[in-house]
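# Using only what follows, build the 3D model:
(chains A, B, C and D)
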Amino acid sequence: MTSVAEGVGVTATELLTVVASRELAGRHTVFAGIGLPTLAVSLASMTTEPNLEIVYESGVCGAHPSHLPETIADSVLITGAEAVLSMPVLFGYVLQGGHIDVGFLGAAQIDRWGNLNSSVIGPWENPKVRLPGSGGAVEVAANSKEVFVVMRRHDARTFVESLDFCTSPGPDRALAEGGRVRGAGVTKVVTELGILTRSGVHDELKLSAVHEGVSVDHVLANTGWDLKVAEDLRVTPAPTAEELRLLRTEIDPRRVYLR
Amino acid sequence: MTSVAEGVGVTATELLTVVASRELAGRHTVFAGIGLPTLAVSLASMTTEPNLEIVYESGVCGAHPSHLPETIADSVLITGAEAVLSMPVLFGYVLQGGHIDVGFLGAAQIDRWGNLNSSVIGPWENPKVRLPGSGGAVEVAANSKEVFVVMRRHDARTFVESLDFCTSPGPDRALAEGGRVRGAGVTKVVTELGILTRSGVHDELKLSAVHEGVSVDHVLANTGWDLKVAEDLRVTPAPTAEELRLLRTEIDPRRVYLR
Amino acid sequence: MTIQASATPPKAAPTTKDKTLSMKEAISRYVHDGDVVAIEGFTHAIPTAAGHEIIRQRRKNLTLVRMTADIVADQMLAGGCIATLVSSFVGNSSAGSLGEIRRRIERADPEPLDYQEYSHYGMICRYLAGAQRLPFYPLRSYFGSDLPRIQQGMRKVTSPFPDDDGAFEEIYVVPPINPDVAIVHAQRADRSGNVQMWGLTGIQAEAVFSAKRAIVVVEEVVDDDVIRADPNRTVIPALAVDAVVECPGATHPSFSQGYSDRDNDFYRAWSGISGDKTLLSAWMEEWIYGTADHTEYLAKLGSSTLSRLGVGQALSGRINYGTRLEPALDADDHVKESK
Amino acid sequence: MTIQASATPPKAAPTTKDKTLSMKEAISRYVHDGDVVAIEGFTHAIPTAAGHEIIRQRRKNLTLVRMTADIVADQMLAGGCIATLVSSFVGNSSAGSLGEIRRRIERADPEPLDYQEYSHYGMICRYLAGAQRLPFYPLRSYFGSDLPRIQQGMRKVTSPFPDDDGAFEEIYVVPPINPDVAIVHAQRADRSGNVQMWGLTGIQAEAVFSAKRAIVVVEEVVDDDVIRADPNRTVIPALAVDAVVECPGATHPSFSQGYSDRDNDFYRAWSGISGDKTLLSAWMEEWIYGTADHTEYLAKLGSSTLSRLGVGQALSGRINYGTRLEPALDADDHVKESK
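I've put the predicted structure just below:
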């Protein structure tokens, strides 16, 4: 693979997608929503991990859609799929049953331990903003072997010292309450500025890579806690020409999600 | 309906079937096995209760078999059925969910409270005879609105003062252990000698009818406990000509189960 | 010769119960003020038309139970029907926001909403407990979450069985949901209520089994033979169903696999409509109060929209359920063939 | 124009995993001495051939988990494979008795059997707990029964939620089953292990999900297209399956809906065979040790028996999964058609 001129014409979404796809090497079963995670899984299945399988929260396994799906429940995901599962089977047998290697999540707020808030901004009882809530995020966080988080916006209001509300806890909070822990919790956070990583229980998120042209100071200034920086901090390798070609011409040529 | 000459040519199975079918008037959903209970349901649906629906322990609802089924899982019960349910749905949602009016059970031993033994003769740890065990009988007993028991053999070894082992308890034993009670337990026992009935919690089985030609003393001598006799004890009305015609010519003309 | 090879079939109980009702009748008969109403369908097969009829009949003080509280929930709130919302996701799918729900929760405008927040699997387990008439259902969620702090329906139980280390694990449990009525949508049913559904089947069967009464809205009421040709396709058996309502297109703007596609334009437009109280009020007047029933609603939607949402054909294969090959019948067949 | 109307499909991950194995390979690789082995199939679709291969490979000290311990269990006991039996029904269906199981339990002949007695729903709940990786599963059985007295796997838990009277209900719970390997049978699967099953589906999906490894025996391995034409027919998705074994007729003497019927003559004969140790031993020698694999077993059974068990055709209908009608593609189609 040849490298393209760094960053030239590469959008934030393309970069995030490429970075996320590389992190999927070695994983097999991914629980993800539509949009960037789907693009990342598609790209990974063409590059680093041909055996990758995506399971949608709607219950679809082994989708072979005729059109780019617009939601996790798009009718084109069902026609031609390998299996459609009921909710009790999907959440109970597949996810809680321990079959998911990587769960993709988004959130309005994240803290240094990878705890996530998708419920409210402000106090729960009297919120400034009512967000969608957990959906399956609590379950994805509790039961996936590891969790990848994609956060487009990286600033001190999203990367916070203290969550307004903890919807989906990482393993450290679960342990503190006496719970059993099954997975590592959030291990990767991919943002517009760089990559944060965390090895698992008792570890906190560290800055492990910054994207081309982004300074460490800029990341630290936009993180609401005293973010640690990995000793082997890298600059995110730029997308290769082949990665961009696949994304732009094979996966999402009409830029539905790359917009 | 005209009455046939009492007992002439009427087999024990025919009599038991007819008696059981009459008791189904007013009930809608029956959980039953193959054999006499199926015949009774078929007969009832042609006489006293056209809306009767039978649910088989194998998961079949609304069977329309092309041939007389030999087991509760016979392939002819599935082809043409209205629904086939998985075991968790059948036992969890339908039976424990409270949708069964009458459950049919058999047993090796029964006591005065309608408690049933289908596990062992002798001590459980070192049985003289190992019987099949509960199957779904514990659940049928606990969750049906009422239970009908058909016992071909009526003697002091089957109608016992004290069970060798209580596999499927009635509500009184359940209450004594602090359990919640949902149904009446055994309300009818149809035997080769007569009919025993019980109104529900805290009531014991009473002899409510003897078949033509059977004396009360004979029943009492063949019951292992001090059986009470109903004040309005009847002689079981003989099968009508129409009931026998339906059984013999429409339901089981080859006498597969009527044998 | 085997026994079954020569026996004549017993007659099965006739399917005499006709449970078909119009939407108006079904809502009028089975949904009452103050009821707990579960309306399910996870993005797919949402019985929106039933929600509209509840609004038209001006039901009040309902508790709406719905995993994904989306457009139909926002509409029912706007119609003043809902006092309590039990849900695990409040959002207009991936297409934007729900104006009425947000105003109710964020500003108690026009009145407060009792909002009961769960997670998806928490809701699923509540339905599972409800369907099985259990006092609780265990799940591996909530340790470390703030949800149990604001939600009385998440409590801990200690397992009575030791694990490999001899310890007795604690686990969260949720209580059952037993709605007064559940409303779901499916592709087809017979008149007695054997329901066949394909595509995403979600939590619909559990919602129906958990409820005291159940209304199933279908694209088509079909002949008994259609159902009986494929009994494994029956997701909900008749014994759990109280009313069958034939209402083609009842899911708009959501979709019905193999019948109509999702109206993404409508989803995208809803944020704008519901975000503005005047627009929302006008929309409700025009599309719900201003239509007598779903037939009028669809007519108003118009043929160009409906044809845009039409779908093509991708047929399943056929499977063989098999028949018993009976010597006696074979002999008869030979006789027939030789005639 | 809607977004999806003009987008090109993303490529899905290719289905490259071929999990097909011969029965010999599958048993050799996935069933080990001392394992907990679940073999399910409730009268229908019992993978008897897998039990026979376990006997041929002389596995020892297994714990057999099987709701209805019937002929295949009796045979595996006679083969000396089983030390512990976990079951809710020990009987030869409605056709008689199981000689070997009864000798083992009643007379410890030739050796004692550790027999763990449950009820059907108790077993179902143990699989449900296993599939969901729960420490226990609640059920409304066992109050007043003697079973909890002889069975450590039935214990009580108090609900943390008050009932309508403010009381906290006690309820029995059972522990999970998590077999080392589950073996089930189905009509068909693709090479990667998407399993389609019809007729009685029993507890097979839960058995597979509860297990650490899973072998699915099928009548036919089919092309991917067959499976993908009807995704709702997939009862077990590939992610839960380790091995797919194509073995037509593997269920004899039980049946496989639409493929072969039940051999009732064999069921009736089994009481006599298994009731007599000499007859049983001769039968095992002739039919199991004396056959190299299931192909030889079926050949020995003979064509007249196999044709007696053949079934006729009762085809399901076809349903429409639908396709998206896309203007852009329509335009292309017109171009193609006009060429």
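# Torsion angles phi and psi at the closest residue to C:Leu139 other than its chain neighbours?
Spatial nearest neighbour of C:Leu139, excluding adjacent residues (CB to CB, 6 or more residues apart in numbering or on different chains): C:Cys125 at 4.9 Å. (Each C-beta comes from the backbone N, C-alpha and C, glycine too.) Dihedral pair for C:Cys125: phi -70, psi -30, per degrees, to the nearest 10.
# C:Cys125 contacts C:Tyr137, correct?
Yes - between C:Cys125 and C:Tyr137 there is a contact at 4.0 Å, judged by CB atoms under 8 Å.
# Of the two, which one has the most company?
Each of C:Cys125 and C:Tyr137 has its neighbours counted (other CB atoms under 10 Å in any protein chain shown); C:Cys125 has more, 30 against 26.
# Quick check: pLDDT value at the more buried one.
The model reports C:Cys125 with a pLDDT of 98.
# May I have the residues that are in contact with it?
Counting by CB atoms under 8 Å, 6 or more residues apart in numbering or on different chains, C:Cys125 touches C:137-139, C:174.
# for A:Ile110, which residues make a bridge with it?
Beta bridges link A:Ile110 to A:Leu116, A:Phe159, judged by DSSP bridges.
# correct me, but it touches A:Leu116?
Yes - A:Ile110 is within contact range of A:Leu116, at 5.6 Å (criterion: CB under 8 Å).
# Now do the helices in chain C.
Ranges of helices in chain C, per DSSP state H, are C:23-30, C:48-56, C:71-78, C:99-107, C:120-131, C:147-150, C:204-210, C:224-228, C:264-275, C:277-284, C:294-301, C:303-308, C:327-338.
# How many residues are close by C:Pro112?
Neighbours around C:Pro112, by other CB under 10 Å: 11.
# scratch that, C:Thr201 is what I was asking about
Using other CB under 10 Å, C:Thr201 is surrounded by 24 other residues.
# Nearest residue to it in space, please, no chain neighbours.
The spatially closest residue to C:Thr201, leaving aside those adjacent along the chain, is A:Ser86, at 5.0 Å (CB to CB, 6+ apart).
# quick one on the thing from earlier: got the helices of chain C as TSV, with distance to B:Trp124 columns?
Output for those, formatted as TSV (distance: least, CB to CB, whole Å):
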stretch	distance to B:Trp124
helix C:23-30	49
helix C:48-56	53
helix C:71-78	54
helix C:99-107	58
helix C:120-131	32
helix C:147-150	43
helix C:204-210	35
helix C:224-228	44
helix C:264-275	62
helix C:277-284	67
helix C:294-301	61
helix C:303-308	67
helix C:327-338	46
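# Of all those, which one is nearest A:Leu105?
The closest of those to A:Leu105 is helix C:120-131. By CB to CB, the value is 12.8 Å.
# Surely C:Tyr297 and C:Thr291 touch.
Yes - the pair C:Tyr297 / C:Thr291 is scored as a contact, 4.5 Å apart, by CB under 8 Å.
# Which residue does the stretch 101-250 of chain C have closest to chain A?
C:Phe143 (2.6 Å; CB to the nearest CB).
# Now do the phi/psi pair for that residue.
The phi/psi pair for C:Phe143 (degrees, to the nearest 10) is phi -60, psi 120.
# Pull the contacting residues for it.
For C:Phe143, the contacting residues are A:142, A:169, A:173-175, A:177-180, C:172, by CB under 8 Å, 6+ apart.
# go with 6 Å
Taking CB atoms under 6 Å, 6 or more residues apart in numbering or on different chains, we find C:Phe143 in contact with A:174, A:177, A:179.
# and C:Asp225, how many residues sit next to it?
Counted with other CB under 10 Å, residues neighbouring C:Asp225 total 10.
# what residue lies at the spatial centre of chain A?
The residue lying closest to the centre of chain A (CA atoms, centre = their mean) is A:Val149, at 3.1 Å.
# For that residue, which three-state class applies?
Recorded secondary structure, A:Val149: strand (DSSP: H, G, I helix; E, B strand; the rest coil).
# Would you agree it is in contact with A:Val189?
Yes - between A:Val149 and A:Val189 there is a contact under CB atoms under 6 Å: 4.6 Å.
# joint contacts of those two?
Counting by CB under 6 Å, 6+ apart, no residue touches both A:Val149 and A:Val189.
# picking up where we left off before, lowest average pLDDT across the helices of chain C?
Of all these, helix C:327-338 has the smallest average pLDDT, which comes to a mean of 36.
# Let me know how buried the nearest residue to C:Leu298 once chain neighbours are set aside is, in neighbour terms.
The shortest distance from C:Leu298 to any non-neighbouring residue, by CB to CB, 6+ apart, is to C:Gly249 (5.1 Å). A count of nearby residues for C:Gly249, using other CB under 10 Å, gives 18.
# Check the gap between C:Gly249 and chain D for me.
Counting by CB to the nearest CB, to the nearest Å, the gap from C:Gly249 to chain D is 14 Å.
# Give me the pLDDT value at that residue.
98.
# How about A:Gly194?
Note on A:Gly194: pLDDT of 96.
# now do A:Val4
Confidence at A:Val4, expressed as pLDDT, is 41.
# next one: the one 10 residues further on
pLDDT, the model's per-residue confidence, is 92 for A:Glu14.
# neighbouring contacts of the helix or strand encompassing it?
A:Glu14 is part of helix A:12-23 when elements are defined by DSSP states H and E. By CB under 6 Å, 6+ apart, the list of residues contacting helix A:12-23 from outside reads A:36, A:39-40, A:43-44, A:150, A:188, A:190, A:192, A:239, A:243, A:258.
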